[in-house]
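J.: This is a predicted model, with the sequence first.
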Amino acid sequence: MTTFESEASIEEKLIQQLVEGESQWTFRGDIHTFDDLWNNFRKILIQNNKEIFDEHPLTDSEFQQVQNQLRFPTFYDAAQWLMGENGIVRVSIQREDAELGTVYPVVFKRADVAGGSSVYEVVHQIEFDRQEKMNRDRRGDVTLLINGLPMIQIELKNRSHPYREAFNQIKKYLKEGAFRDIYSALQMFVVSNASDTRYIATAGESDLNEKFLSAWLDEDNQPVTEYIAFAKAVLSIPAAHRMVSQYTVLDSERKALIMLRPYQIHAVEAIRNAVNPYTGGGRQSGYIWHFRCSLPVDALHRPQAHALVWHYSGLFPNQPPL
């Protein structure tokens, strides 16, 4: 009889991979509930905005204003907020003391990838609040937090199950309303059975389509499906931060998130390295001599989208369009 490694063991090894060595992820085994997540987010918000809160501490009623702003009706609304203004994402707070007026503490700075004010944390087995009494108690497998907000949700199965069962689990959670409240900020789902791993942009239960699941390919176009190898390539820092902040595009026509495919991400990285004087590529110049765009023009809201959705045939001439 064939025996398979348990999901608990797979989860433990994934977390170990994320936090070991020089990784910037920190495991937070003390966070178990939505309240814990909010309290953690509050501490990070205060820490990153000391100039606002040192002299006049954030009150409970003021923090409720923040929570209300971060309970998004859709993942698309969360993504729009994450665009920020001039690369800075803020919330607004009307201070209880009217003389202090309104303040705008920073939640994210797009430039702070793998540095600056960014805080990267890993939590697991968070207890999802039940929308209906008849719903079963649910716990998410692994959640990746950036500055205290859930950005990436990972659902796992063992090797006796296809990865699609993890995908169906996410669909079930969506139907039951598990990804609400602070989890409404999620931008990316990852599903795996340890041997086969896929990623997809977040969407509502009726819009989350299996056909948009993407496997990861390395720069040589070789599949990276084993979950530990996938974690090294995609879920490390800065890669994971860039996935949710730079490699997603807003499709305003469908009110949907689009997450780029691997060959497009490699093309962008190659272009970035070619023009960056601090990389081995040095500062090079030249032309993109052929391009194709397969997204509607009004989907190109983010500045990086112009580079991301063009098919850079000079680097990857044999790849299909988005």
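T.: Thanks, I have the structure now.

J.: Now do the same for Thr74: its pLDDT.
T.: Note on Thr74: pLDDT of 97.

J.: now Ala274
T.: In this model, Ala274 carries a pLDDT of 75.

J.: Same check on Val309?
T.: 42.

J.: With His290 instead?
T.: Reading off the model, His290 has pLDDT 43.

J.: cool, Ser23 as well?
T.: So Ser23 comes in at 80 (pLDDT).

J.: That one: what secondary structure?
T.: Of the three states, Ser23 takes coil under DSSP: H, G, I helix; E, B strand; the rest coil.

J.: any idea how far Thr3 is from Val113?
T.: 41 Å (C-beta to C-beta, to the nearest Å). Glycine gets a C-beta too; all of them are placed from N, C-alpha and C.

J.: who's more crowded, these two?
T.: Neighbour count, other C-beta atoms under 10 Å: between Thr3 and Val113, Val113 has more, with 17 against 6.

J.: hang on, isn't that one packed against Met243?
T.: No. With contact defined as C-beta atoms under 8 Å, Val113 and Met243 do not form a contacting pair (10.7 Å).

J.: the strands in the stretch 101-250 of the chain, which residues?
T.: Read by DSSP state E, counting those that start in this stretch, the stretch 101-250 of the chain holds these strands, from start to end of the chain: 102-103, 106-109, 120-124, 127-128, 138-139, 142-146, 149-156, 188-192, 197-201, 216-217, 223-224, 248-251.

J.: so where's the stretch 201-322 of the chain shaky on pLDDT?
T.: 275-322 (pLDDT under 70).

J.: Kindly recompute the last result at 80.
T.: For the stretch 201-322 of the chain, the stretches with pLDDT under 80 are 272-322.

J.: picking that back up, wait, which of the strands of the stretch 101-250 of the chain is closest to Arg164?
T.: Arg164 lies closest, by C-beta to C-beta, to one member of the strands of the stretch 101-250 of the chain: strand 188-192, at 7.7 Å.

J.: Which of the strands of the stretch 101-250 of the chain has the lowest mean pLDDT?
T.: Ranked by mean pLDDT, those bottom out at strand 138-139, with a mean of 87.

J.: That one: partners in the sheet, and parallel or antiparallel?
T.: In its sheet, strand 138-139 lies beside strand 127-128 (antiparallel), with partners assigned from DSSP bridges.

J.: Give me the contacts around the partner strand.
T.: 32-34, 137-140, 173, 176, 178-179, 183 (C-beta atoms under 8 Å, 6 or more residues apart in numbering).
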